[in-house]
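[1] fold the following.
(one chain, ligands or ions: 3)
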Amino acid sequence: MNQKQVYGFTEGNAGMKTLLGGKGANLAEMTRVGLPVPKGFTITTDACKAYLHHERNLPQGIMTQITEAMADLEARTGQGFGERENPLLVSVRSGSVTSMPGMMDTILNLGLNDESVEGLAKLTGNPRFAYDCYRRLMQMFGNVVLGIEHIHFDRLLQQLKTEEGVMDDQEVSADGWIRLTGLYNSCYIKHANRPFPQNVHEQLQLAIEAVFGSWNNPRAIVYRKINQIPDDQGTAVNVQCMVFGNKGNDCGTGVVFTRNPSTGETGLYGEYLINAQGEDVVAGIRTPQPIQTLHEEMPDVYEQLSRVANGLELHYKDMQDIEFTVENGKLYLLQTRGGKRNAQAALKIAVDLVTEGLLRKEDALNRIEAAHLDQLLHRGIDEAAVKDLLATGLPASPGAAAGQIVFDADTAEEWARSGKQVILVRPETTPEDIHGVLAAEGILTSRGGMTSHAAVVARGMGKPCVCGCESIRIQLEEKRILVDGRSLTEGEWLTLDGGSGRVIAGIVPLREAEITPELERMLEWADEVRTLKVLANADSPQDARTAREFGAEGIGLCRTEHMFLSPAKLPIVQKMILAESKEERVQALAQLLPMQQQDFEEIFEQMDGLPVTIRLLDPPLHEFLPNSAELQKQLAQLGEGQADAEPERRRLTVLLQKVNSLHEANPMLGQRGCRLGIVYPEIYDMQTEAIFKAALKCVDAGIKVLPEIMIPLVGHDSELKLLRERVEALAREILGEEKGRRLDYKIGTMIEVPRAALTAHRIAPYADFFSFGTNDLTQMTLGYSRDDAEGKFLTHYIDQKLLSHNPFQVLDTEGVGRLIEMAVSAGRSVKPSLKTGICGEHGGDKESIFFCQRVGLNYVSCSPYRIPLARIAAAQAWIQWNGEQSRETAKAG
Ligand code: ADP
Ligand code: MG
Ligand code: MG
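    Ligands and ions are numbered 1, 2, ... in the order given. The predicted structure follows:
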């Protein structure tokens with residue numbers, strides 16, 4: 001059976017992305033609605049998959065279908081493929097299902113050979129143009145099909161320009177281009193052992209195969225990994241009649257966005273080049289002109305372009321990124337897709353589309369990339385600290401970043417891996433640099449516009465980027481930047497402000513971002529929709545305030561150990577730990593009590609009216625003491641026999657002994673959490689007392705306090721039973737002392753030991769809430785110690801796809817999640833009112849939040865800066881879950 005593997009643009013539509021790729025489906029859609037799209041056809045992603053599966057052999061019968069489709073193009077254009085008179089030229093374009101800008105290959109002007117180029121020259125009366133097309137074809141084909149590196153072609157081109165004494169490609173003469181094609185042919189023979197193929201059918205087949213193969217080129221693989229695009233989607237190939245933007249000064253090519261992709265502002269935004277072909281704009285060969293200039297240069301074309309752009313936006317109900325070419329004053333559309341945008345723009349566009357009546361609130365919420373919000377909420381530079389402005393380029397992707405200068409992607413990757421912050425500085429970036437862009441804090445280029453690859457990729461990743469900064473000179477070989485008579489070399493610090501395009505020498509401190517009105521709107525909509533509560537992990541009054549400003553509905557995790565580490569408390573804490581007797585310990589604790597009480601008072605005050613979950617002391621005690629090696633060093637330095645050093649020596653020796661005695665083989669599984677509270681009840685007593693006294697004092701001051709005491713690391717119900725009774729007894733005592741006052745409080749536990757999850761029905765009677773401590777629960781369920789895993793084997797696991805994600809960042813729903821699900825239902829089976837939530841990093845991760853919604857948790861708790869993200873993700877989670885529920889009811893009914 002001969003499957004249909006080739007679809008004319010007249011046969012497809014926007015709904016066929018999986019089969020035709022995004023580019024193919026949208027070209028068909030634009031054709032369908034009558035827009036001026038050059039004719040062509042799409043070879044399916046299925047064909048690509050078959051090709052890759054069968055050791056790079058095209059599926060059977062496909063060449064016949066392609067030949068037929070080519071014949072059809074010939075008939076409809078009146079041109080002949082490979083013919084001397086009126087030759088048909090096509091582009092062979094990659095186009096994957098999920099847009100991967102520039103990651104795969106495209107060849108233009110295919111169908112030219114020594115014969116047809118003559119014909120084209122004659123037909124157009126423009127040999128300069130014909131040979132310009134030919135040399136472009138030879139370079140792209142050589143690179144894509146035969147793997148000849150661009151640099152070989154570029155060197156020859158550079159030489160030619162020097163010989164002709166010109167700077168720009170457009171100034172090269174017809175003779176120059178003719179000569180260059182000859183030189184390129186020798187280049188083929190030298191580097192690929194064969195001449196450029198004169199048979200156009202051979203050109204076409206090789207090009208199609210190479211574009212299919214480009215699905216597995218290294219940069220595409222990296223890009224898919226970063227963007228979590230499945231490796232088995234494959235790319236489609238689009239074969240399309242050429243239109244020419246390089247025929248003269250009434251021609252050109254460009255890219256427009258229907259709204260500004262950095263700010264979201266309405267109005268056409270983009271750039272173009274007169275007398276150029278497509279690749280020139282994205283490759284950043286020349287810095288293009290802003291689209292508004294087109295308004296003056298070609299008013300009719302501009303007018304038509306804006307109309308089309310608006311129409312496309314209405315049609316797709318989203319901001320579009322559109323490629324166009326003008327040939328002798330006539331506009332053609334070559335691509336449209338949902339435009340990549342940064343978080344700020346995404347928000348504004350989504351809010352505006354709702355206001356304009358194009359989108360529903362829920363759709364707008366779904367469009368927000370939760371991960372990008374994170375970046376939005378972190379950046380900006382401290383203006384007051386901008387001292388040494390070096391240059392200003394194009395503000396290609398906002399956000400600020402500081403880092404050390406590196407000049408190539410490999411170094412960027414290497415340095416970043418060793419923990420350095422780097423800024424990748426390149427004349428322009430090509431898709432081969434993607435791993436460097438990924439590793440860098442920010443990107444700076446001296447050439448290229450707002451739609452160059454560097455800009456597009458950086459915006460997609462939400463990285464700060466300054467492009468086309470022409471006042472700096474980059475000398476790659478010397479590894480230095482020359483600017484304004486100064487020179488900066490590799491390793492020096494640079495700060496970029498991608499929002500304004502500024503390049504600043506040195507490190508400028510970053511300033512915390514604020515919530516914009518658009519974000520505020522979106523968050524309000526999210527709050528209307530979501531059912532999951534969003535709480536914060538906050539250990540200090542400052543954190544509590546930030547959390548509240550970002551919309552936290554309480555504190556889900558307040559870690560008391562951070563308070564113990566404050567300079568005022570640490571010496572007393574150490575005294576408490578080093579105490580030889582219980583009395584001594586109680587004495588130290590008595591000193592700590594008022595301080596701890598004050599901490600709680602301040603936090604309660606900030607969280608007036610909202611619940612505050614306080615976790616009693618959790619980490620092993622040795623974490624509060626100096627380390628043993630350090631002490632030994634100090635002892636050794638004291639010097640022998642000096643009498644006045646004696647007391648210090650004695651102190652250090654005792655300390656060292658104590659430190660050694662507290663040493664544990666595996667502290668993570670040692671004496672910590674509730675085990676501490678059981679062995680040293682007076683520690684938890686002090687904390688409990690501090691909580692209740694603080695609460696009462698706040699109540700007196702008119703503050704509404706809702707304390708929730710959380711016992712960590714419970715594995716057995718007996719532990720919680722014991723500790724709960726102790727807390728309750730003490731609470732009764734304190735509240736009773738104060739003449740029988742009432743205070744609503746809760747006592748609950750963290751579920752972070754697998755046994756606790758497995759016996760949740762036995763633990764629930766003693767717990768008012770379960771808070772899943774998913775960090776420890778992940779460690780113990782997978783048997784990974786986080787530091788060791790992340791430092792050693794985890795990257796290998798992820799690279800080899802043994803794990804799809806780092807389980808400490810994205811919840812392992814299959815394993816750890818299973819335990820959570822079991823514990824929730826077992827707990828609720830004995831106590832329906834049981835409150836459940838998660839705390840820890842997963843609480844701020846979108847995928848994990850979706851999981852929490854599915855298993856019916858009541859809340860997530862995450863770091864203050866992730867609160868807005870979590871609010872949006874919680875709304876998205878509800879929308880998705882609700883959709884699934886109603887589909888299921890519909891099915892059942
Ligand atoms: P990419 O995914 O890298 O953008 P494209 O397939 O879109 O690759 O093509 C690269 C450039 O060539 C684009 O600027 C595009 O507009 C241009 N181009 C592609 N096909 C044609 C064509 N048939 N006529 C004129 N320009 C084309
Ligand atoms: Mg394109
Ligand atoms: Mg824990």
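[2] residue of this protein nearest ligand 3, please.
    Asp776 (3.6 Å; Cβ to the ion). Where C-beta positions appear, they are placed from N, C-alpha and C, glycine not excepted.
[3] and the residue nearest to that residue when sequence neighbours are not counted, backbone torsions?
    Closest residue to Asp776 apart from its sequence neighbours, by Cβ to Cβ, 6 or more residues apart in numbering: Glu752 at 3.8 Å. Dihedral pair for Glu752: phi -140, psi 0, per degrees, to the nearest 10.
[4] returning to that earlier point: is it true that the residue of the chain closest to ligand 3 lies in a helix?
    Yes - judged by DSSP: H, G, I helix; E, B strand; the rest coil, Asp776 forms part of a helix.
[5] surely it touches Val753?
    Yes - the criterion here is Cβ atoms under 8 Å, and Asp776 meets it with Val753 at 7.4 Å.
[6] how close does Val422 get to Val855?
    Distance, Val422 to Val855, by Cβ to Cβ, to the nearest Å: 40 Å.
[7] out of those two, which sits in the busier spot?
    Relative neighbour count places Val422 above the other of Val422 and Val855, with 24 against 17, counting by other Cβ atoms under 10 Å.
[8] tell me the contacts of that one?
    Listed by Cβ atoms under 8 Å, 6 or more residues apart in numbering, the contact partners of Val422 are Gly403, Gln404, Ile405, Val406, Thr411, Ala412, Trp415, Ala416, Ala439, Ala440, Glu441.
[9] surely Gln657 is in a strand?
    No - assigned with three-state DSSP, Gln657 falls outside any strand and is helix.
[10] what about it, how many neighbours?
    13.
[11] export the contacts of Val422 to CSV and append columns for secondary structure, neighbour count and pLDDT.
    Shown next, in CSV, are the contacts of Val422 (DSSP: H, G, I helix; E, B strand; the rest coil; neighbours: other Cβ atoms under 10 Å; pLDDT from 0 to 100):
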residue, secondary structure, neighbour count, pLDDT
Gly403, strand, 24, 96
Gln404, strand, 20, 97
Ile405, strand, 22, 97
Val406, strand, 25, 97
Thr411, helix, 20, 96
Ala412, helix, 29, 96
Trp415, helix, 20, 95
Ala416, helix, 21, 92
Ala439, helix, 21, 92
Ala440, coil, 31, 95
Glu441, coil, 22, 94
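[12] for Val573, pull up the helix or strand it's in.
    Under the criterion of DSSP states H and E, Val573 resides in helix 570-578.
[13] lowest-pLDDT helix or strand in the protein?
    Within the chain, confidence by mean pLDDT, DSSP states H and E is lowest for helix 370-376 among all helices and strands, at a mean of 70.
[14] buried ones in the helix or strand just after it?
    Using DSSP H and E, the next helix or strand after helix 370-376 towards the C-terminus is strand 389-392. Of the residues in strand 389-392, Leu390, Ala391 count as buried by neighbour count, 16 or more other Cβ atoms under 10 Å.
[15] strand 389-392 pairs with which strands?
    If you go by DSSP bridges, strand 389-392 pairs up with strand 502-505 (antiparallel).
[16] is the residue nearest to Gly245 when sequence neighbours are not counted bridged to anything, and to what?
    Nearest residue to Gly245, sequence neighbours excluded (Cβ to Cβ, 6+ apart): Thr253, at 3.5 Å. Following DSSP bridges, Thr253 is listed with bridge partners Leu273, Thr325.
[17] with Val243 as the reference, measure out to Thr253.
    With Cβ to Cβ as the criterion, Thr253 and Val243 are 9 Å apart.
[18] and if you look at Gly380?
    43 Å.
[19] what of Glu518?
    Distance, Glu518 to Val243, using Cβ to Cβ: 38 Å.
[20] quick one: which of these two has more around it?
    The neighbour count for Glu518 versus Val243, taken as other Cβ under 10 Å, is higher for Val243 (25 against 18).
[21] surely that one and Asn328 touch.
    No - assessed by Cβ under 8 Å, Val243 is found out of contact with Asn328, at 9.6 Å.
[22] now the strands for the stretch 301-450 of the chain?
    Applying DSSP state E, counting those that start in this stretch to the stretch 301-450 of the chain gives strands spanning 320-327, 330-338, 389-392, 394-397, 400-406, 422-426, 442-445.
[23] now do the stretch 101-250 of the chain
    So, for the stretch 101-250 of the chain - with DSSP E, counting those that start in this stretch - the strands run 106-110, 235-241.
[24] what does the stretch 701-850 of the chain give?
    706-711, 746-751, 769-773, 835-839.
[25] deepest-packed of the ones you listed, please.
    For the strands of the stretch 701-850 of the chain, the largest average neighbour count (mean count of other Cβ atoms under 10 Å) is found in strand 769-773, namely a mean of 28.
[26] for the record, mean pLDDT for that one?
    For strand 769-773, mean pLDDT rounds to 98.
[27] assign a three-state SS to the closest residue to Leu365 other than its chain neighbours, would you?
    In space, and not counting its chain neighbours, Leu365 is closest to Ala875: 5.1 Å by Cβ to Cβ, 6+ apart. Secondary structure assignment for Ala875 (three-state DSSP): helix.
[28] residues near Ala875, how many?
    29.
[29] what's the answer for Ala538, then?
    Ala538 is flanked by 29 other residues according to other Cβ under 10 Å.
[30] isn't it right up against Cys558?
    Yes - with contact defined as Cβ under 8 Å, Ala538 counts as touching Cys558 (6.2 Å).
[31] common neighbours of the two, please.
    Residues touching both Ala538 and Cys558 (Cβ under 8 Å, 6+ apart) are Ile603.
[32] ok, Ala695 - contacts?
    By Cβ under 8 Å, 6+ apart, the contact set of Ala695 is Phe600, Phe604, Val705, Pro707, Leu743, Tyr745.
[33] output the contacting helices and strands for the helix holding Val573.
    Packing partners of helix 570-578 (3 or more Cβ pairs under 8 Å, 6 or more residues apart in numbering; DSSP states H and E): helix 582-606, helix 646-662.
[34] mean pLDDT lowest for which of the ones you listed?
    Among the helices and strands packed on helix 570-578, helix 646-662 carries the lowest mean pLDDT (a mean of 88).
[35] quick check: next helix or strand after that helix?
    Following helix 646-662 in sequence, per DSSP H and E, is helix 674-679.
[36] tell me the buried residues in that following helix?
    For helix 674-679, the neighbour count (16+ other Cβ under 10 Å) marks Cys674, Arg675, Leu676, Gly677 as buried.
[37] what of stretch 114-123?
    For stretch 114-123, by 16+ other Cβ under 10 Å, it's Ser116, Val117, Glu118, Gly119, Leu120, Ala121.
[38] same question, stretch 47-59
    Of all the residues in stretch 47-59, those buried under the rule 16+ other Cβ under 10 Å are Ala47, Cys48, Lys49, Ala50, Tyr51, Leu52, Leu58, Pro59.
[39] same thing with stretch 208-216?
    By neighbour count with 16+ other Cβ under 10 Å, stretch 208-216 contains the buried residues Ile208, Glu209, Ala210, Val211, Phe212, Gly213, Ser214, Trp215.
[40] residue contacts, Gly102?
    Val282, Pro431, His453, Val456, Val457.
[41] again, but for Ala544
    Going by Cβ under 8 Å, 6+ apart, Ala544 touches Ala536, Ala538, Ile555, Ile603, Gln606, Met607.
[42] for the last one, give me the pLDDT.
    The one in question is Met607. For Met607, the pLDDT comes out at 98.
[43] how about it, phi and psi?
    Met607 adopts backbone torsions of phi -100, psi 20, taken as degrees, to the nearest 10.
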